[in-house]
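Peer 1: Below: sequence and its predicted model.
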Amino acid sequence: MNAPIPNLTHWQERCDMAAAFRWTAKLNMHESVANHFSLAVNADGSRFLINPNGRHFARITASSLIEIDANDPGTMQRPDAPDPTAWGLHGSIHRGLPHARCVMHVHSVHATVLASLADSRLPAIDQNSAMFHDRMVIDDHYGGMAFEEEGARCAALLADPKTIAMVMGNHGVLIVGQTVAEAFNRLYYFERAAETYIRALQTGRPLRVLPDDIAEKTAQEWEAYPGFAQAHLKELRALLDEEGAAYAQ
């Protein structure tokens with residue numbers, strides 16, 4: 001199942017990406033045939049893998065991912081051109097931010113509820129939300145779909161390498177990481193943290209917010225946790241393999 005297809009490079013990265021797409025669909029964090037994940041595959045980050053235009057997350061395979069060059073102006077004239085908003089947002093990020101190796105953007109329910117609030121901050125009220133303490137940015141100036149101009153504006157908000165999440169106001173969430181495992185683990189925990197926060201607000205009771213020093217300590221502990229994100233993705237791939245899922249084709 002996991003044997004590489006001839007002439008396709010970055011096979012293990014492709015399989016990791018495909019597994020992340022499949023599991024995101026299982027968690028109902030996808031939306032129609034929208035939303036995109038991308039992964040840089042060269043040193044300066046300008047060449048990247050991304051999902052093909054119009055393909056449902058639950059049908060993504062390793063070999064279906066397309067490889068494109070953020071600096072190639074002819075990309076959108078290719079017969080396999082990506083979705084134009086994927087080119088606008090992910091192309092802008094990979095063109096200008098080599099530290100953002102893996103980029104995952106979704107309109108998952110709880111993250112989008114958070115993005116719809118006048119105050120879209122995610123306070124550190126538990127261990128999961130503390131992962132993002134002082135490591136996220138909020139885009140308060142939604143300007144429409146992420147075609148090239150809007151995508152470039154959003155990309156500029158991720159200039160600080162410390163930033164691992166962007167709440168895209170009136171839109172959704174965008175997560176960055178060094179690897180597929182790291183980015184997917186953060187995406188999963190951001191949605192869980194947003195759900196906890198939204199449910200806590202629904203009680204109408206005061207929140208128990210962590211002190212800044214404890215929130216920072218916990219965020220650093222998440223960053224240093226040995227092999228956690230890799231183990232998470234490895235287990236998801238094992239579960240998909242047991243189901244006979246065709247992601248690694």
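Peer 2: Here it is on my side, so go on.
Peer 1: use CA for all of it now, contacts and neighbours both
Peer 2: OK.
Peer 1: Please name the bridge partners of the most centrally placed residue in the chain.
Peer 2: When C-alpha atoms, centre = their mean is applied to the chain, the residue found nearest the centroid is M104 (1.8 Å). Assessed by DSSP bridges, M104 has beta-bridge partners F37, I175.
Peer 1: For it, give its distance to G204.
Peer 2: From M104 across to G204, the span is 32 Å (C-alpha to C-alpha, to the nearest Å).
Peer 1: What of R186?
Peer 2: 28 Å.
Peer 1: Equivalent analysis for F147, please.
Peer 2: As defined by C-alpha to C-alpha, F147 lies at a distance of 39 Å from G204.
Peer 1: neighbour count winner among the two?
Peer 2: F147 (17 against 8; other C-alpha atoms under 10 Å).
Peer 1: Backbone dihedrals for F48, please?
Peer 2: Main-chain dihedrals, F48, degrees, to the nearest 10: phi -150, psi 150.
Peer 1: Would you check that it makes contact with L65?
Peer 2: No: if you go by C-alpha atoms under 8 Å, F48 and L65 don't touch, sitting 9.7 Å apart.
Peer 1: quick one, what contacts L158?
Peer 2: L158 makes contact with 97, 137, 166 under the criterion C-alpha atoms under 8 Å, 6 or more residues apart in numbering.
Peer 1: The lengthiest helix in the chain: what's the following helix or strand?
Peer 2: Scanning the chain for the helix with the most residues, using DSSP state H, yields helix 180-203. The element immediately downstream of helix 180-203 (helix or strand, assigned by DSSP states H and E) is helix 212-224.
Peer 1: Give me the contacts around that following helix.
Peer 2: Residues outside helix 212-224 that contact it (C-alpha under 8 Å, 6+ apart): 124, 127, 130-134.
Peer 1: Residues in a beta bridge with the closest residue to S38 other than its chain neighbours, which ones?
Peer 2: The shortest distance from S38 to any non-neighbouring residue, by C-alpha to C-alpha, 6 or more residues apart in numbering, is to I50 (4.5 Å). Beta-bridge pairing for I50 (DSSP bridges): S38, I66.
Peer 1: surely I50 meets L39?
Peer 2: Yes: in this structure, I50 is within contact of L39 by C-alpha under 8 Å, at 6.8 Å.
Peer 1: other SSEs contacting the helix or strand bottoming out on mean pLDDT in the chain?
Peer 2: Here the helix or strand of the chain ranked lowest by mean pLDDT, DSSP states H and E is helix 148-156, holding a mean of 93. With contacts taken as 3 or more C-alpha pairs under 8 Å, 6 or more residues apart in numbering; DSSP states H and E, helix 148-156 sits against helix 84-96.
Peer 1: Please determine how far the most far-flung residue of the chain relative to its centre is located from A111.
Peer 2: Residue farthest from the centre of the chain, counting by C-alpha atoms, centre = their mean, is R205 at 31.4 Å. R205 sits 21 Å away from A111, going by C-alpha to C-alpha.
Peer 1: try F184
Peer 2: Distance of F184 to A111, given as C-alpha to C-alpha: 14 Å.
Peer 1: Can you pull out the low-pLDDT segments for this structure?
Peer 2: 1, 6-7 (pLDDT under 70).
Peer 1: go again using 50 as the cut-off
Peer 2: Residues of the chain that meet the criterion pLDDT under 50 lie in 1.
Peer 1: Out of the contacts of L158, who's the most crowded?
Peer 2: M166 (22 neighbours).
Peer 1: So that residue belongs to a helix, correct?
Peer 2: No: looking at M166 with DSSP: H, G, I helix; E, B strand; the rest coil, it is strand, so not inside a helix.
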